[in-house]
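Asks: how would this look folded up:
(2 chains)
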Amino acid sequence: MYTLLSVNTDYRTSIHYPVLSRLAVGQTLMVNQLVDMEWKFGVTVGTSELQKTGNIFLQLKLVIRKGNTTENVYMELTLPQFYNFLHEMERAKASMDCFS
Amino acid sequence: MADADSQRCVSALLNGITQRLYYGNTEVTEEFLKNELYAEMTPDGFRALHDKMRSLLKSIASADMDQAQLEAFLTAQTRKQGGSGVTPEQATALARFWKAHRTRVRESLLAQSRWEPGLRGLKWRVDLHTTASRGQVSNSPVALVELELGRPGEGESSEFVCLEFDEQKVNLVLKKMAELQESIDSVVHRS
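Replies: Have a look, this model is predicted:
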């Protein structure tokens, strides 16, 4: 489990507590674990509301383990959203590298 | 003066229609617009005007008309006989309105074409596991990432998904993102 330092008020204000899924007693406390990530990328050429778009679409599917089952979370990102996601994951990795 | 007032009312009507149709402001109803702008008009008369302006706006937005296309379109509309065309004041109001709102309306339509939730925000923290209730000891860092997901529309609420990544998973995600970035670069550089 996390040490007391991890489960403190800072934790609750920075992460939305109700969203965390906690497993039953007897297993390690964990939040959802990422199993896999899939992506799809292309160009939308037209829609029913806009005849010509030429807009990039970027879809991510995150496969998450929740207990004994997995769940898929889908999202569709703009390019700025993708680059922000990438940038933050790189920052997290850099932070982890300090301790590994 | 009457023409200027008429144009102002048409502009306000177009603005109201756009607020509801493209900017997600559902409070701007047809009834509200009639009461605010055309209180003296008969209900049928207002409905006909409202529907005509909405239809024209949708045509213009759907084609994302540039200035030349819009001019040709509006000229054709003013030449229509009977009540199906537009008056010169209405055409002027439409032209001015579209010039001011084209970019935002297009952005709204593009956002509406994304049907899955987008990534509105992201927070993370890295914890260093020390002990576990079962006595395991570990010094491995773990990243907790909170994704804020939401569909387009300023009024839509967000969904929060919290994920845990060990180092291996972070590397996996970064590797997949690098592959995705390569794909993006190949398309962007080709175009």
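
Asks: Relative to chain A, how far out is B:Ala178?
Replies: Distance, B:Ala178 to chain A, using Cβ to the nearest Cβ, to the nearest Å: 9 Å. To be clear about C-beta, it is placed using only N, CA and C from the backbone, and glycine gets the same treatment.

Asks: no, scratch that, I was asking about B:Ala76
Replies: 18 Å.

Asks: Identify the spatial nearest neighbour of B:Asn25, chain neighbours not counted.
Replies: Counting by Cβ to Cβ, 6 or more residues apart in numbering or on different chains, B:Gln19 is the residue found nearest to B:Asn25 once chain neighbours are left out, at 4.0 Å.

Asks: Give me the pLDDT value at that neighbour.
Replies: On the pLDDT scale, B:Gln19 is placed at 94.

Asks: Now do the helix or strand harbouring it: which elements does it pack against?
Replies: Counting by DSSP states H and E, the element that carries B:Gln19 is helix B:2-21. Where contact means 3 or more Cβ pairs under 8 Å, 6 or more residues apart in numbering or on different chains; DSSP states H and E, helix B:2-21 is packed against helix B:30-37, helix B:43-63, helix B:88-112.

Asks: would CSV of the ones you listed with mean neighbour count and mean pLDDT be doable?
Replies: What follows is those, written out as CSV (neighbours: other Cβ atoms under 10 Å in any protein chain shown; pLDDT from 0 to 100):
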stretch, mean neighbour count, mean pLDDT
helix B:30-37, 16, 94
helix B:43-63, 16, 95
helix B:88-112, 17, 93
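
Asks: quick one: which of those is nearest chain A?
Replies: Taking Cβ to the nearest Cβ, helix B:88-112 is the member of the helices and strands packed on helix B:2-21 nearest to chain A, at 4.4 Å.

Asks: Brilliant, that's me finished.
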